[in-house]
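>>> Following is a predicted model, sequence given first.
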Amino acid sequence: MRIVKARQREKTKELERLRQEEDEEEERIIDEYREIGMLLKGYPQENVFKAKKLVSSFIKSAEEIEEKIEEAAERGELNELVLMVIWTRLDLARRDEEKEAIRSLDLLYRRVETEILKRQASPAMRLLNDLLIMHDGFDEEGWLKACKKRMIETFPREDPFSLLVPAGFDLDKHHGPLARPAMGADNLLLRIDFIREVDELLKEVKSPETVGSNNEALDPQSVASSLKEQEKKKVIGQVAALLDLAIKLSW
């Protein structure tokens, strides 16, 4: 009888211990959620509500998500707060180990961040990105021809006088508008500015050739690293080709 009672007491103690652990875990999760929620407290609640609504629309848009993100960017709705809302959802999904949600939110965060960085980029870098996207991966000559056409359409026409004397300026009467070509200041991109920025970019991304690399390594990590390096060299080669095209461009 005593043995039975002793076992019951031990079982009761174990149940109490498990219940206490569950309570502590629940309290920890509540504290974590509260901590994550506090990250948004520094922003106006109206802005937080709009950002949450926008993020929800992205999540529900499925196949149309690219279009929705671009439309939001055009309206100027993508900002740090939107990224913060996505991050808080991603953090909660990670804590709850929701693998599918983690993957989807991580992709959404990267896509929105990329769009924000794209909008913040200089006109030269935006043009470079557009030109690189035009490459179909096969027709190098056709791609360069299309890029040349795009450059001619983008850069103001250059000649010995247009660089020094603006259109409409009368050399004989010495009067006229001292202004750049009729183009919005935000949209104006001079060829020389494109050349300068792309040249600086190439100097930053070019790295010395790896010496003594082991070509016999065929493990998955080595193969993936090799493919990544090959893709990087390919893009650098395309950027160098565009720089050369811009330098030799003529109207």
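Structure's in. What do you need?
>>> any idea how far Ile236 is from Lys248?
19 Å (Cβ to Cβ, to the nearest Å). Every C-beta, even on glycine, is put in place using the N, C-alpha and C of the backbone.
>>> more crowded one of the two?
Ile236 (15 against 8; other Cβ atoms under 10 Å).
>>> Check the offset of whichever helix or strand the more buried one is part of from the chain's centre.
Under the criterion of DSSP states H and E, Ile236 resides in helix 220-247. The chain centre lies 19 Å from the centre of helix 220-247; the measure is Cα atoms, centre = their mean, to the nearest Å.
>>> repeat for stretch 99-117
That offset, for stretch 99-117, works out to 9 Å (Cα atoms, centre = their mean).
>>> For that stretch, list every residue counted as buried.
By neighbour count on 16 or more other Cβ atoms under 10 Å, the buried set for stretch 99-117 is 101-102, 104-105, 108-109, 112, 115-116.
>>> Now go through the residues you listed and say which are in helices.
Taking DSSP state H, the ones among those that sit in helices are 101-102, 104-105, 108-109, 112, 115-116.
>>> For Cys147, state which of those is nearest.
Glu115 (23.0 Å; Cβ to Cβ).
>>> What sits closest to that closest one if chain neighbours are left out?
Excluding its sequence neighbours, the residue lying closest to Glu115 (Cβ to Cβ, 6 or more residues apart in numbering) is Ala73, at 5.0 Å.
>>> Could you tell me how many residues sit around the one you found?
Ala73: 15 neighbours (other Cβ under 10 Å).
>>> swap in the one 5 residues further on?
Neighbours of Leu78 under the rule other Cβ under 10 Å: 21.
>>> Confirm it sits in a helix?
No: using DSSP: H, G, I helix; E, B strand; the rest coil, the secondary structure at Leu78 is coil, not a helix.
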